[in-house]
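# How does the following fold in three dimensions:
(chains A and B)
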Amino acid sequence: MLNRKMWLSISSVLVLIGAVGIVNIFIQGEHVMGTSNYVPWGSLIAAYVFFVAISTGLTFLSSLAHVFKWGKIEVMTKRLTLASIVTLMMGFVMIGVELGSPLSLFYILISPNLQAPIFWMGLLYGIYMALHIVEFFFQLKEDHGKIKIISPIVLVVAIAAQGTLGAVFGMSIARGYWNESYISIYFILLAFVSGLAFAILMTVILTKTKTISESDKQKILVLQPIFSKMLIGLLIVTVFFNIWKWFYSLYGNMPGKAEAALLMVGGPLTIPYWVLEVGLVFVLPIIVLFAFKQRKQLSLTIASISMLIGFLAMRIIMVFAGQIVPLTVVQGSESTNQLREFGILWSEWATMGFGVGGTILLYLIAERLFDLNVAPHKEERRKRVNTGEGSYSLAK
Amino acid sequence: MARFGLLIDARKCTGCHACSIACAEYNELEEEVNYNRLEFVEKGSYPHVKMDIIPLQCMHCDNAPCVAVCSTQATFKEENGIVSFIADKCTGCKACMAACPYDARALNEARLAEKCRWCPEKLTQGEQPVCSSTCMNEVRLFGDLDDPNSEINKKMAQHEVSQLLDSHGTKPRIYYIK
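Coordinates of the predicted model:
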């Protein structure tokens, strides 16, 4: 595994290149993006969904300790919360670059539109971020009394925010491919799987670093098979959702729905869908996790990286599939004869790279600044003293 | 308070694009920004063919999806029925563009989703919007739908009219003579 300096270098390069891309977008506008009047939402919307979903998924996992009292995961809770905050911040960067005039978000406070899913999404993610930081603060202070109060609230807000993000797409009556009621539930499910894939990658890296004690490494290793089983279980549920999505999309030839689905069977999204989405999110991880049980660390690394790349592709495919089939305003119109042009230009790739690099960089900086090792609870400490077990050591 | 609407007699449209050009000139629109467009529909088979030309623009819907999704109320419904837009309030999230089933919004250089406002300066002077006034065949007739004596109402009474995508529940303010 790469050492800390190498990670810092790679992430810094990604952030620097990304910054150039972001500046280019701010200077030149939509000309340097793959969007148009007909395909207004581009890859950065997808990247936003990708990052905030990981953040939500990581919150689900950390809440297993504080809300559902699953003690085994407690060893990772501070790091899960930190990673959740960092990915959320990168999600905000993605949407900030995608917005034409982010400073006008100020008007959300002055003249909010309570009907708009984006208003609720913005509000909920704002609250989520604020509460998450407060939660992290109390985690650092080991103030379990306050954590017990705030963690369930963070969890509820996270679920509500992710569900509302689904509604931003699902409530679009003009876009048949997105317009469905269960998309919010599907988003919450995908968030959980995304967070799990990210957490698995964290367990692999953490067990190879010197920042945590050997005893904590052993505790993290215990989590890996549990995470793997959770991952496979949730992937099966996701496959179930996808199969039904296909049936619903093709059955009845609903306007915009079937055409969008067929983009992935012979259309321009065929290879991205079957290779990057189906291949990397479902097929490769399941094969690797079952076939290479002896080489657990390697299989978990491959599966989690494969899924994270696949999830980004999945979000991009979903965003474009909903828009590149022309809207039929007038039946038989010539303008509906061909698909809308779309693409991802270098500035957008660079911005997404900023998100990846920024996540790693901020995490590494925070790892250095804060003590992320979890001190044992009072009862556990008492037990350790009674049994003569050694004091908790920090390997930093 | 007037309740504005537009009646379009697409049968008379020659496809000259004067409406689009007049609109672009009056509103000083940038390149690639267009509030008016024409849809061309080929009908029949050789030798019995014909081309329908349908002028399209913002429908100023009573139940406008772009108004519903706008988080800052940058896009809003005026009392007279016009779906208006305050650029300063727009975050550029483009949700209105994704939500509009008529593809009627256009992104300007400032990355804001601009739209037709039915030329409010003209309306206050009692004139038609420029797309209507410039049309040589009087394809478009703008007027007050609440005034029983308005030209638009008189003409609508003489013809069978329809709205585009009325099944979407958007309640558009533009009517087409069948």
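# which stretches of the chain have low pLDDT?
Since you didn't name a chain, this refers to chain A. Applying pLDDT under 70 to chain A picks out residues A:1-2, A:375-396.
# nope, chain B please
Ranges of chain B meeting pLDDT under 70: none found.
# can you tell me the residue of it closest to chain A?
Residue nearest to chain A within chain B: residue B:92 (2.0 Å; C-beta to the nearest C-beta). Quick note: C-beta positions are derived from backbone N, CA and C, even for glycine.
# Now do the same for the residue positioned nearest the centre of chain A: helix, strand or coil?
The centroid of chain A falls nearest to residue A:54 when counting by C-alpha atoms, centre = their mean (2.3 Å). Using DSSP: H, G, I helix; E, B strand; the rest coil, the structure places residue A:54 in helix.
# which residue packs closest to residue A:164, ignoring adjacent ones?
Distances taken as C-beta to C-beta, 6 or more residues apart in numbering or on different chains put residue A:121 closest to residue A:164, at 4.4 Å, once the chain neighbours are dropped.
# For the stretch 51-200 of chain A, which segments count as helices?
A:77-98, A:107-110, A:117-140, A:144-170, A:183-206 (DSSP state H, counting those that start in this stretch).
# Kindly reformat those helices as TSV containing mean neighbour count.
Output for those, formatted as TSV (neighbours: other C-beta atoms under 10 Å in any protein chain shown):
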stretch	mean neighbour count
helix A:77-98	24
helix A:107-110	15
helix A:117-140	20
helix A:144-170	21
helix A:183-206	23
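# Can I get those in a markdown table including distance to residue B:133?
Below are the helices of the stretch 51-200 of chain A laid out as a markdown table (distance: least, C-beta to C-beta, whole Å):
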| stretch | distance to residue B:133 |
| --- | --- |
| helix A:77-98 | 38 |
| helix A:107-110 | 34 |
| helix A:117-140 | 37 |
| helix A:144-170 | 39 |
| helix A:183-206 | 45 |
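# Distance check, residue B:30 against residue B:110.
9 Å (C-beta to C-beta, to the nearest Å).
# Repeat that for residue B:41.
Taking C-beta to C-beta, one finds residue B:41 at 34 Å from residue B:110.
# Between these two, which has more neighbouring residues?
Counting neighbours by other C-beta atoms under 10 Å in any protein chain shown for residue B:41 and for residue B:110 shows that residue B:41 has the greater number, 17 against 14.
# What does the residue of chain B most remote from its centre show for phi and psi?
For chain B, the largest distance from the centre (C-alpha atoms, centre = their mean) belongs to residue B:47, which lies 33.6 Å off. In terms of degrees, to the nearest 10, the main-chain angles of residue B:47 are phi -90, psi 0.
# can you pull the contacts of whichever residue of chain A sits closest to chain B?
Closest approach between chain A and chain B, counting by C-beta to the nearest C-beta: residue A:100, at 2.0 Å. Residue A:100 makes contact with A:29, A:30, B:90, B:91, B:92, B:93, B:94, B:107, B:110, B:111, B:112, B:113, according to C-beta atoms under 8 Å, 6 or more residues apart in numbering or on different chains.
# The first one contacts residue B:108, correct?
Think residue A:29. No. Contact criterion C-beta atoms under 8 Å: residue A:29 and residue B:108 do not qualify, at 9.1 Å.
# on that earlier part again, what's the PyMOL line that selects buried ones from the contacts of residue A:100?
Those of the contacts of residue A:100 that count as buried under 16 or more other C-beta atoms under 10 Å in any protein chain shown are selected in PyMOL with:
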select buried, (chain A and resi 29+30) or (chain B and resi 90+91+92+93+94+107+111+112+113)
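# With distance to residue B:121 and secondary structure added, can I get the contacts of residue A:100 in CSV?
Formatted as CSV, the contacts of residue A:100 follow (distance: C-beta to C-beta, whole Å; DSSP: H, G, I helix; E, B strand; the rest coil):
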residue, distance to residue B:121, secondary structure
A:29, 27, helix
A:30, 28, helix
B:90, 20, coil
B:91, 26, coil
B:92, 25, coil
B:93, 28, coil
B:94, 27, coil
B:107, 23, strand
B:110, 21, coil
B:111, 25, coil
B:112, 20, coil
B:113, 21, strand
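# The contacts of residue A:100 into JSON lines, with extra columns for distance to residue A:80?
Below are these laid out as JSON lines (distance: C-beta to C-beta, whole Å):
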{"residue": "A:29", "distance to residue A:80": "37"}
{"residue": "A:30", "distance to residue A:80": "36"}
{"residue": "B:90", "distance to residue A:80": "37"}
{"residue": "B:91", "distance to residue A:80": "31"}
{"residue": "B:92", "distance to residue A:80": "33"}
{"residue": "B:93", "distance to residue A:80": "30"}
{"residue": "B:94", "distance to residue A:80": "33"}
{"residue": "B:107", "distance to residue A:80": "39"}
{"residue": "B:110", "distance to residue A:80": "40"}
{"residue": "B:111", "distance to residue A:80": "36"}
{"residue": "B:112", "distance to residue A:80": "39"}
{"residue": "B:113", "distance to residue A:80": "38"}
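# Which residue ranges of chain B form strands?
B:4-8, B:37-45, B:48-56, B:75-77, B:83-85, B:106-107, B:113-114, B:140-144, B:161-162, B:174-177 (DSSP state E).
# Angles on the backbone of residue A:14, please.
phi -60, psi -40.
# Going toward the C-terminus from the particular helix or strand that has residue A:317 in it, what's the next helix or strand?
Residue A:317 belongs to helix A:296-321 when assigned by DSSP states H and E. Using DSSP H and E, the helix or strand that follows helix A:296-321 in sequence is helix A:346-369.
# And chain B, is that following helix touching that?
No. Counting by C-beta under 8 Å from any C-beta of the partner chain, chain B has no neighbours in helix A:346-369; the shortest distance is 13.4 Å.
# Tell me which other helices or strands that helix touches.
If you count contacts as 3 or more C-beta pairs under 8 Å, 6 or more residues apart in numbering or on different chains; DSSP states H and E, helix A:346-369 packs onto helix A:4-28, helix A:43-66, helix A:77-98.
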